[in-house]
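Colleague: Using only what follows, build the 3D model:
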Amino acid sequence: MHKNSKRNSNSRVSHTEANSVDAEKEKNESENNFVELLPQELTFKIFSQLDIRSLCRASLTCRSWNYAIRNSDSLWKPHCMTVRAVCRREIDDDLESGYSWRVILLRNYQKSKVKHEWLSGRYSYICSSISLPEKTMYPMDADTWGEILEAELER
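Modeller: This next block holds a predicted model:
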């Protein structure tokens with residue numbers, strides 16, 4: 001019994017030490033985290049300078065950055081407006097459906113890249129579905145394919 005109580009007290013000490021090490025680590029991370037230190041407007045200004053890829057990567061940095069980026073819907077609007085140049089109907093439909101700018105971008109970004117390539121004639125040489133480059137394709141609705149076919153007929 002004496003051995004058990006000694007073992008329990010040792011585990012409590014190591015658990016307490018671990019908690020203090022974690023607390024110290026959190027404190028240091030917090031001191032170096034501009035999202036937690038700067039006013040929200042300044043943090044937004046910094047994040048608004050990032051392109052889409054960098055913004056997504058920054059959101060993976062830590063919880064506070066993820067929260068700040070994920071919940072700042074207006075960070076995503078300029079990127080959506082760029083995508084809207086190619087996917088106007090899709091963006092407008094998503095806006096009417098009440099999606100946030102971030103969700104709209106997630107829903108349409110890849111499609112806009114593929115659609116832009118189709119509309120610019122990159123795939124004009126394709127004669128059948130067998131010739132389609134599988135990895136770069138993205139599922140598109142009938143209206144989108146209609147726009148692409150109209151562009152191909154005008155070429």
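
Colleague: From here on, just use CA atoms for contacts and neighbour counts.
Modeller: OK.

Colleague: pLDDT of stretch 60-78, averaged?
Modeller: Mean pLDDT, stretch 60-78: 90.

Colleague: Just the buried residues of it, please?
Modeller: 64-66, 68-70, 72, 74-77 (16 or more other Cα atoms under 10 Å).

Colleague: can you check stretch 146-155 too?
Modeller: By neighbour count on 16+ other Cα under 10 Å, the buried set for stretch 146-155 is I148.

Colleague: pLDDT averaged over that stretch - what is it?
Modeller: Averaging pLDDT along stretch 146-155 yields 80.

Colleague: Tell me how far it lies from the chain's centre.
Modeller: On the basis of Cα atoms, centre = their mean, to the nearest Å, stretch 146-155 is displaced by 31 Å from the centre of the chain it belongs to.

Colleague: Secondary structure element holding the most centrally placed residue in the chain?
Modeller: Nearest residue to the geometric centre of the chain (Cα atoms, centre = their mean): C56, 4.1 Å. C56 is part of helix 52-58 when elements are defined by DSSP states H and E.

Colleague: which residues of the chain score low on pLDDT?
Modeller: 1-31, 128-129, 132-138 (pLDDT under 70).

Colleague: can you rerun that using 80?
Modeller: Applying pLDDT under 80 to the chain picks out residues 1-35, 123-140, 154-155.

Colleague: ok, L95 to F47 distance?
Modeller: Relative to F47, L95 is positioned 23 Å away (Cα to Cα, to the nearest Å).

Colleague: Equivalent analysis for P139, please.
Modeller: Counting by Cα to Cα, the gap from P139 to F47 is 31 Å.
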